[in-house]
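Model the structure of this input:
(chains A and B)
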Amino acid sequence: MEPALLLASLVLYLVGTLAGGANVARPGEGTRQATAIALALGFVVQAAAIGVRSIPLGTLVIATFADQVALFTCLVAGVYLLVQSRYRLAVLGALVGPIGFVGALVALVDHGGARDLPPELRSPWLPVHVTLAFLGNAAFAFACLVSLIYLWQERKLKAHSVDFRMRGLPSLETLDQANFRCLTWGFVLLTLSILSGVLWAELSFGRLWAWEPRTIWSTIVWMIYAVLVHGRITVGWGGRRAAALTIVGFGVLFVSFIGVNALAPGRHAESFG
Amino acid sequence: MSGAPARNVRALRPEGPRDREHELWLVGVSHHTTPVEIRERLAIPEEDLASAARGLLADAPSVVEALVLSTCNRVEILAVARRGGDAGDAIVRFLARERAVAPATLAVHRYQRRGKDALHHLFRVASSLDSMMVGEPQILGQLKEQYRIAAEAGTAGRLLRRCLERSFRVAKRVRTETGIAGKAVSVSSAAVDLAKRIFDDLRDKTAMVIGAGKMSELAARHLQSHGIASVIVTNRSFDRAVELARAFGGTPVPFERFPQYLHLADVVLGSVTSTGYILGASQLHDVLRARRRRPMFFIDLGMPRNFDPGINDIENVYLYNIDDLSRVADEHRAERGREAVRAEEIVDEETERFWRAMSGQDLTPTIVALRGKLDGIRRVELERALAALRRLEPDERRALEAMTSAIVNKILHVPLSVLKEIAQGEDGEAAAEIASIVHRLFALDSASAADVTDEAPPAASTPRAEAGDDGEG
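As a prediction, this is how the structure comes out:
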């Protein structure tokens, strides 16, 4: 059951990638819709696969790196659907498709027995904490993608060279607004995720804060985004500066996500053994 | 059977493989061939279109359907006429008399297309490939509207309906698959296009027009027609600024104080004559601070230039001078040209496909009908036999079934491969001829109860090739 679902989502993400690529090459309503539909179906099917995998455990499967990647990419696809419905950015489909594809591929290659979590982590807090964190990360991922498109188009406009590939793209102002929304959502979700982690730690382990790599890095990432969101709201940062900082922020987030999981000790990593 | 009823039967069904009797004609004048002085005399007001088409039908007995298309760039008559006569001449004579133009004059300027060429022309017109501004969207709306008038007046019948509906689909395909309609080609529309790349919605934006030049006025009007809500006008002569502001429904400000208002403007058009730059980078920093660094789009139409080119390097400031704008317009024009080539290919392809379907060169319906006919006979006879041989074992029944199928297939094998071979060939006349013979030999159009099978519709139904692409519309 689960491999079949994963395979189906893999194919759907591939279709979405191709349709999104076709849309970049030649913007059009047909390919835009095809991209959105394929990725929506991919999301639903992959979510079903994660559900099927989670049921026997009684909690969300996130014990292995593969499971985490799968959950994260699945949420990215979910957030894409929200962003797409608002901003009609077919280009994002061309970027989200491969992300979903990789996630589904990793899950498919490594879909052996779902590993259970260590007893002390088996808690209803876990899915809440992890989902909030991942959703926040997904929102930051979109802020980053939107910013990349912004920078590309901004450079073209500054250089007075107008490119046919811009035809399907939203205006700079729209991209900037999308960046702000994604950042705000990401920041709220990240904050809630940290708070839920703190509460969980306090209630289950009797201490608010553990100094371990993941919490330290999360704090750094949180501070970067706090500065960025604050700058946007009060100083009126926008445009290129905000876009560049958004990309830097996500770079740090990405490296810490991979790096901490792969290398560092601590409760957030110990489940990988 | 006398001739008249037979013709009536065909009139009911002018399309299909056996319509050897009607033909599509197109006669017209357009901006390509005819100066405006003649076009305007030929132009027919919308309220007279229906009566003109009716007049043509009454006047030219060979013409059975007619549609008049009249816009400021073209007057065209699309007609279905009985084969054999020169309907083109009849149409020219009618048009000359109706619009009081010397027939000789009209004969010099008019173009005339027949059959497939007429269809091709219609598709090109609908797709805006024949327009003065290739890709402009109005022509399709006009064609739709004037077709509606002809349909309501009863002068456009089934054949024109098929052609027109197909032309609308072709136009839609051209529009969605190519970029011919997408790009601005004039300098002021390039400015609007760029403004839309920078700003999300022009309706809450303000433009400032510095100087009362012709170009900046034109560009400002263009911006206004694309939504820019408020306009600030300034000029060395304040009187002129007031005058212009009144024309725009905008606000005049004194020239010496325009920098104070600059932070309100999202789009700034400059076209004053001045020895130095009227705006430098250092001034602009304060302006940007005052507007919380929201983007600004400067359009420099002045000669010599009005704005310091350095401001383009400031974040969120975009400066385009007249050369930049015309380069953008050129790029768009070049792109539109490339897209037009693709659009022509689409039109050619669609014409070919529709023409095959219409003229019967597409033998698929004939093949389907023939196969269905024979298979229907087989099944009826088989059932009859099986009813008589009730004691047969299931595998014996299957053997009978297989044997009868094999007989039908063997009989059909050579004829079908010949039909397919002809369908592949170039000779449409021959294909239509063969189709008509096959239909007669096997009575493919009769629908007696014994012949009806569930899988083979009679040949008069829509050809398959056509039904296949209906989905795209």
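
what does the stretch 51-200 of chain A have sitting close to chain B?
Within the stretch 51-200 of chain A, the positions lying close to chain B (Cβ under 8 Å from any Cβ of the partner chain) are A:153, A:157-158, A:160, A:162, A:164, A:166-167, A:169-174, A:177. Using the backbone N, CA and C atoms, a C-beta is placed for each residue, glycine as well.

Just the buried ones from these?
A:153, A:157, A:160, A:162, A:164, A:166, A:169-174, A:177 (16 or more other Cβ atoms under 10 Å in any protein chain shown).

nearest spatial neighbour of B:L26, skipping sequence neighbours?
Leaving out its chain neighbours, the residue that sits closest to B:L26 by Cβ to Cβ, 6 or more residues apart in numbering or on different chains is B:A118, at 3.8 Å.

wait, doesn't the one you found sit right on B:G28?
No. With contacts counted by Cβ atoms under 8 Å, B:A118 stays clear of B:G28, the gap being 9.9 Å.

More neighbours: which of those two?
Set side by side, B:A118 and B:G28 show more neighbours around B:G28, with 27 against 24, by other Cβ atoms under 10 Å in any protein chain shown.

about what we covered before: among the residues of the stretch 51-200 of chain A next to chain B, which lie within helices?
A:153, A:157-158, A:172-174, A:177 (DSSP state H).

related to what we said a few turns ago, would you mind giving the buried ones among the residues of the stretch 51-200 of chain A next to chain B as a markdown table with pLDDT added?
A markdown table is the format used below for those (pLDDT from 0 to 100):
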| residue | pLDDT |
| --- | --- |
| A:Q153 | 92 |
| A:L157 | 92 |
| A:H160 | 88 |
| A:V162 | 77 |
| A:F164 | 65 |
| A:M166 | 73 |
| A:L169 | 81 |
| A:P170 | 85 |
| A:S171 | 89 |
| A:L172 | 92 |
| A:E173 | 91 |
| A:T174 | 90 |
| A:Q177 | 91 |
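
so where's the chain uncertain?
With no chain named, the answer covers chain A. A:111-117, A:120, A:164-165, A:167, A:261-273 (pLDDT under 70).

wait, chain B
For chain B (pLDDT under 70), the answer is B:1-20, B:182-185, B:359-362, B:425-429, B:446-473.

out of all of them, which helix in it is the longest?
Assigned via DSSP H, chain B shows its longest helix as helix B:322-359.

which of the residues in that helix are buried?
By 16+ other Cβ under 10 Å, the buried positions in helix B:322-359 come out as B:322, B:324-325, B:327-329, B:331-333, B:335-336, B:339-340, B:343-344, B:346-347, B:350-351, B:353-359.

near chain A, from those residues?
When those are checked against chain A using Cβ under 8 Å from any Cβ, the ones in range are B:324, B:327-328, B:331-332, B:335.

can you list these in CSV and add distance to A:P118?
Listed next are these as CSV, based on distance: Cβ to Cβ, whole Å:
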residue, distance to A:P118
B:D324, 63
B:R327, 64
B:V328, 61
B:E331, 61
B:H332, 62
B:E335, 60
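
Neighbours of residue 38, how many?
Picked chain A for this. By other Cβ under 10 Å, neighbour count at A:A38 equals 23.

ah, I was thinking of chain B
Around B:I38 there are 20 residues (other Cβ under 10 Å).
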